[in-house]
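[1] Whatever this is, show me its structure:
(2 chains)
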Amino acid sequence: MYMSQLYSPTLRETPSEAEIISHKLMLRAGLMRRSAAGVYAFLPLGLRVIRKVEQIIREEMNNIHGQEVLLPIIQPSELWEESGRWNDYGDEMFRLRDRQGRQFCLGPTHEEIITALVRSEVRSYRQLPLRLYQIQNKYRDEMRPRFGLMRGREFIMKDMYSFDRDNESLDDSYWAAYHAYKRIFERCGVDAHPVEADSGAIGGDVTHEFMVLADSGEDLVLFCPECEYAANAERAEGVRIPRYTENEVELGALETVPTPGASTIEQISQFLGVKPEDCIKTLLYVADGKPVAALVRGDHNLNEIKLRKLLQCESLDLADDETIFRVTGARVGFAGPVGLAIPLYADYAIEHMVNAVVGANSDDQHTINANLDRDFQVTAFVDLKESQPGDACPRCSGTLQGARGIEVGQVFKLGTKYSKAMGATFLEENGTEVPLIMGCYGIGVGRTVAAVIEKNYDEDGIIWPMSIAPYQVIVVPVSMKDQAQAEAAQRLYEELKAEGVEVVLDDRNERPGVKFKDADLIGFPIRVTIGSKSLENGEMEITLRRTKEKTSVPLGDIVPTIKGFLKDGEAL
RNA sequence: CGGGGCGUGGCGCAGUUUGGCUAGCGCGCCUGCCUUGGGAGCAGGAGGCCGGAGGUUCAAAUCCUCUCGCCCCGACCA
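    Sure thing, here's the model as predicted:
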């Protein structure tokens, strides 16, 4: 490809729309352009990178006996009604109608489609296991698209779905995908750490997310430096520490004190001169229409996912003002466990609190010296708090540390959630009809590209790993006006192309500084510079993008040297 | 959806508070000369009904109303 013809408009200045490094660089390097919020067009260089990542994924999926399919993006509502998600998905789903008024959606994911496809064809255990995957656009009307490819409303995703006859076989599928993922990200030149995760709306129990650690990540990952434990903070388990019994503690007298207008923990602790960790936060929820209370320590946050899982409910919302008044007899901010006649679930940490400050269930009043057993009982002690760095490791005696992570992939064991709902069954050897056991395995392709850039850049631009660089080499003659340079460049370009090297010739009549800046910005791993002096000495100069290391190489050795770099591309 | 901010040539911005006559600057773009190892220089030039619609006014980028779009922070997301 000639640089003079390449449609890759580079920008000197960063468009104001971009905030994080990968987004800025993708726009500046001319990889993509925005079309609407969370919707991007890929330009030739950007597309080449995307295609390379897809190809790596494809190879690794094929390796574990995945078979590629192409599924509809426009999906009929009926299938989603079968699984129950036509309602559950809510505003996040792009919905549309055809001219007859039939309802469709732009597929946010493809469990329904694939399950429908498989149920009509798979009849027997002899056809299992089956692993199908697709790489294509998905659509989610995100409440907040942001950071370029990081969170788009239209995005490219690889999804594999596995169908197995039993749990052992599902295990094989799951771990095959897990290990394929490790290879995929490694080949893409980025460290992605598997961490325990929550399965969210997709359902299922066992799941790992693959996280690229970067400050721009949207998730908080907690990991233990002492052992292997690593989890998304929303999933990380709390630890129940046994209650001391030997230590006698002086219990203060229960007393209700006025706290006018102090309804937040911060206000209360300030007003009463106590620490937030001496207060109990009483949160009222309505679960499937019934009120429940969740207690966490004042300095902790409640993890709603944990509460939802505990209650096994369909709907869970913070109680509205009216409900709170009905249940507690007070405004928001003055609820407490003492005398509250609804189920009370308390986080483990509550068990250790002595002489706590709690809401008095009466406007502008709190109760001090509230103590477990003597003043209130709870329905159960459970893990409810949002885990955070500094918490105890649930697996060993270590202390959890935190880091931001970009979720580039996730693997789930789905079980029979979809196959049962949609009647996807097969006949076992003994003739019984049972639902298929499913797993699903996603990778955000665009997000992976963004994550790679977040981890591979410098002040001059992108530093592509060789494996996914849009082109491997750029040949830069310092001056196109110099006949000898231009010809030597052209010759090298042809030679490299003939050798199968992906190469761009910067044939523009630009000053060298401009060419170098563009080459660095776009991030070609290898640059061959052809200047008059070195050429007279029968040499050219090879510069490696990542290290900025320059080597003068005799003309005859240029091609072999480059091929050598390509062979051990990981080093770049 | 709640809070904040921004829409002015392709990109980055000034001008808006205190309306005023041909709407500016840098970069990029076009032509010519010149230059060629890190985004050169000189000269000439093209390109914007100031997001859109109403309104106020002798006069609106500037004031008022309504809209549309985008970005950031936050709210059970790959």
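
[2] does the top strand by length along chain A come close to RNA strand B?
    In chain A, with assignment by DSSP state E, the single longest strand is strand A:401-415. Yes - for strand A:401-415, a contact with RNA strand B is found by CB under 7 Å from any atom of the strand, at A:E407, A:G409, A:Q410. C-beta: built from backbone N, CA, C; applies to glycine.

[3] can you pull the contacts of the residue in the stretch 301-450 of chain A that RNA strand B sits nearest to?
    Of all residues in the stretch 301-450 of chain A, A:G444 sits closest to RNA strand B, at 3.2 Å by CB to the nearest atom of the strand. Contacts here follow CB atoms under 8 Å, 6 or more residues apart in numbering; on that basis A:G444 touches A:F155, A:I156, A:M157, A:E407, A:V408, A:G409.

[4] for the first one, what are its contacts?
    Read it as A:F155. A:N137, A:K138, A:R140, A:L149, A:G444, A:V445, A:G446, A:R447.

[5] What helix or strand is the second one located in?
    Right, A:K138. If you go by DSSP states H and E, A:K138 is part of strand A:130-139.

[6] which residues in the stretch 201-350 of chain A form helices?
    Secondary structure of the stretch 201-350 of chain A by DSSP state H, counting those that start in this stretch: the helices cover A:265-272, A:304-311, A:321-328.

[7] of all these, which gets the most neighbours per residue?
    helix A:304-311 (a mean of 18; mean count of other CB atoms under 10 Å).

[8] which helices and strands does that helix pack with?
    strand A:316-318 (3 or more CB pairs under 8 Å, 6 or more residues apart in numbering; DSSP states H and E).

[9] neighbouring strands for the worst-scoring helix or strand of chain A on mean pLDDT, and are they parallel or not?
    Ranked by mean pLDDT, DSSP states H and E, the weakest helix or strand in chain A is strand A:316-318, scoring a mean of 81. Here strand A:316-318 has these sheet partners by DSSP bridges: strand A:280-287 (antiparallel).

[10] just to revisit the earlier point, now list the buried members of the contacts of A:F155.
    By neighbour count, with 16 or more other CB atoms under 10 Å, the contacts of A:F155 hold A:K138, A:R140, A:L149, A:G444, A:V445, A:G446, A:R447 as buried.

[11] Which of the residues you listed fall in strands?
    Checking the buried ones among the contacts of A:F155 against DSSP E, those in strands are A:K138, A:G444.

[12] So, low pLDDT: which residues of the stretch 101-250 of chain A?
    Across the stretch 101-250 of chain A, the ranges flagged by pLDDT under 70 are A:200-205, A:244-248.

[13] For it, which segments count as strands?
    A:103-106, A:130-139, A:154-164, A:193-196, A:207-213, A:219-223, A:230-232 (DSSP state E, counting those that start in this stretch).

[14] Make a markdown table out of these and add distance to RNA strand B.
    Conversion of the strands of the stretch 101-250 of chain A to a markdown table gives the following (distance: least, CB to the nearest atom of the strand, whole Å):
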| stretch | distance to RNA strand B |
| --- | --- |
| strand A:103-106 | 12 |
| strand A:130-139 | 8 |
| strand A:154-164 | 4 |
| strand A:193-196 | 11 |
| strand A:207-213 | 6 |
| strand A:219-223 | 6 |
| strand A:230-232 | 8 |
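
[15] And the residue of chain A positioned farthest from its centre, how far from RNA strand B?
    The centre of chain A is farthest from one residue, A:E536, which by CA atoms, centre = their mean lies 52.6 Å away. Separation of A:E536 from RNA strand B (CB to the nearest atom of the strand, to the nearest Å): 10 Å.

[16] per-residue confidence at that residue?
    Looking at A:E536, its pLDDT stands at 94.

[17] Need the phi and psi values for it.
    phi -60, psi -30 (degrees, to the nearest 10).

[18] Please work out the average pLDDT along the helix or strand encompassing A:I50.
    According to DSSP H and E, A:I50 maps onto helix A:44-63. For helix A:44-63, the mean per-residue pLDDT is 98.
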